[in-house]
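**Q** Sequence first, then the predicted structure:
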Amino acid sequence: MTSRSLYCLRCARPAEGFDGCRTCAAEGIGVNAMPPLADLGGVDLSSYPGGPWGLPAALPVPGPPVTLGEGNTPVVRLRNGPDRARANAPASEVWLKYEGGNPTGSHKDRAMAVGVAAAVAAGADTVVAASSGNAGAAAAAYAARAGLRCLVFTNEAVPAGLRAQIDGLGAERVVRPGTTAERNAAMARAVEQPGRYPLTSYSSPSPGGNPYANEGYKSVAYELARDFSGRQLDTVVVPTSRADLLAGIGRGFRELAAAGLIGREPRLMAAETAAAAPFTAALRHPERADQERTRVAGGPTVAFSLGEERPCWQGLDALWRSGGTAVAVDEEAIMAEHRRLAAEGLLLEPSSAVASAVARAQARTSGGLVVAIGTATGLKGLVG
Ligand SMILES: [Zn+2]
C-alpha cells in the first residue's frame, strides 16, 4: 500500500494497520505504528516551499499529492509584557504559529492532505473519520478535493460552525450519541467494509491517529526551522490531546537535527486542559513504567478539541527525548488567554489558547525564544 513499512516505537516490533501496536496495547499502553524517520540530508530549507508536500520525500506516501495549499502558516510575535514582580526577568520572545491560516482553519489540514493521499494510494473510495471537530472538517475538504466520499462520526457536541463546514463540504455526518467506546465501535464496523479507509483512530487504548496522515505534522517543524533560520528555538508548546501533533513536530525536529539543519532540537511542552491532563499526570511519576500506564478521568472543558484519559506513548517519547514537560491550564486561565489573544487581533479556539498561556508563562520564568502552536481559528464557534 505504501512505500515504507511501519513499526512500534516502543517495542520495535513490526506493526500494521491503524490500531497501533497490539503487543503494547495488551499491556494497556497505546502506541502508534510509525514509519522510519526520513533522511533530510542535502535539503536546502531556504528553498523549502512549506507544507507537507513541500518535502514529499519526507512522507511515507507515494502521492500524487492531495493539496489545498495547506501549510506555510504565519508566525506572529505576541505581546508579552515584562513580569513586574521580577526586576531581572530573563529576555524572552513569544511567538504564535497560527494554524488557523490553513484552508479549513486548523492544523488538521496538514494531516488530512497526506492521509487522503494515502487513501487514494490504497485504492479506497471512502474515507472515515471520528471527530467532534477540526479533523472532520479537514477530512471532508480533502476527501472532496480527491473525489472520495467522506463519513464523519461525531457526537452531539459539535459547534454549529463546524457542523456547517462538514456538511457544506459534502461529507456524510453520522451522529453517534454515547460514549467514545460506542463511537469507536461504530467506526470500526464502518471501516470493515471494502473501499473504506480510516483517517482517525478507533481502538482503545487510543494509539493516536492514522500514522501516514500524522507525518504531515512534521512540516510544522520544517517551517519553524526555515522561518527562524540561524536562531535557536528554545521551547515549542503544543496543545495536546492524543499527541499526534506533538509527536509529529518532535519527529520533524529530530529529522532536521539528524541532517544538521538545526543546531539542537527545541524542548517540547505539552499544553493540556486541566479537565483532562494525562501527560501532566504521567510526568508526576518518577518511573517511566508508571508514566506509560497513567490514566485520568476526563471532564468537560471549553477546549473541546482536547481531552484524553491516557497519554499516547509517542507523546511521552517526544517529551522524554527533548527534555520537555507537560503543563495543565484551568478553564478560567484558558478563557482569560482566549480573550487576551483576541485583544491582540487573534481569534483562536480555546484549545489553542492553552498553548499560548503556557508559552507566556514559560517565557516569563525561563526566558528564551518560545513558540506556541495555535492549532485552530476561533471562527467555528464554541461548544455550549
Ligand atoms: Zn509495541
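**A** Great, that's in hand.

**Q** residues near Glu332, how many?
**A** 10 (other CB atoms under 10 Å). Any C-beta I mention is one placed from the backbone N, CA and C, and that applies to glycine too.

**Q** can you pull the buried residues of the one helix or strand it maps to?
**A** Assigned by DSSP states H and E, Glu332 belongs to helix 331-343. Within helix 331-343, the residues that qualify as buried by neighbour count (16 or more other CB atoms under 10 Å) are Glu331, Ala333, Ile334, Glu337, His338, Arg340, Leu341.

**Q** how much space is there between the first one and Ala274?
**A** When distances are taken as CB to CB, to the nearest Å, Glu331 and Ala274 turn out to be 7 Å apart.

**Q** Next: the fifth one.
**A** From His338 across to Ala274, the span is 15 Å (CB to CB).

**Q** So Arg284 lies in a helix, does it not?
**A** No: applying DSSP: H, G, I helix; E, B strand; the rest coil, one finds Arg284 to be coil, outside a helix.

**Q** count of neighbours near it?
**A** Arg284 is flanked by 10 other residues according to other CB under 10 Å.

**Q** The one 5 residues further on too?
**A** By the other CB under 10 Å criterion, the neighbourhood of Ala289 contains 9 residues.

**Q** How far off centre is the helix or strand containing it?
**A** According to DSSP H and E, Ala289 maps onto helix 288-292. How far helix 288-292 lies from its chain's middle: 22 Å, per CA atoms, centre = their mean, to the nearest Å.

**Q** Just the residues contacting the helix or strand following that helix, thanks.
**A** The C-terminal neighbour of helix 288-292 among helices and strands, as given by DSSP H and E, is helix 313-322. For helix 313-322, contacts defined as CB atoms under 8 Å, 6 or more residues apart in numbering pick out 9-10, 24, 29-32, 34, 208, 240, 242-243, 246-247, 249-251, 253-254, 265-270, 279, 282-283, 288, 291-292, 324-326.

**Q** ok, Gly170 touching Ala140?
**A** Yes: with contact defined as CB atoms under 8 Å, Gly170 counts as touching Ala140 (6.7 Å).

**Q** if we can go back for a sec, mark which of the contacts of helix 313-322 are buried, thanks.
**A** Neighbour counting over the contacts of helix 313-322 (16+ other CB under 10 Å) leaves 9-10, 24, 29-32, 34, 208, 240, 242-243, 246-247, 249-251, 253-254, 265-270, 279, 282-283, 291-292, 324-326 as the buried ones.

**Q** restrict those to contacts with the ion.
**A** Among these, proximity to the ion is found for Arg10, Cys24 (CB under 5 Å from the ion).

**Q** Which of the buried ones among the contacts of helix 313-322 fall within helices?
**A** Within these, residues falling in helices by DSSP state H are Cys24, Leu246, Ala247, Ile249, Gly250, Arg251, Phe253, Arg254, Phe279, Ala282, Gln291, Glu292.
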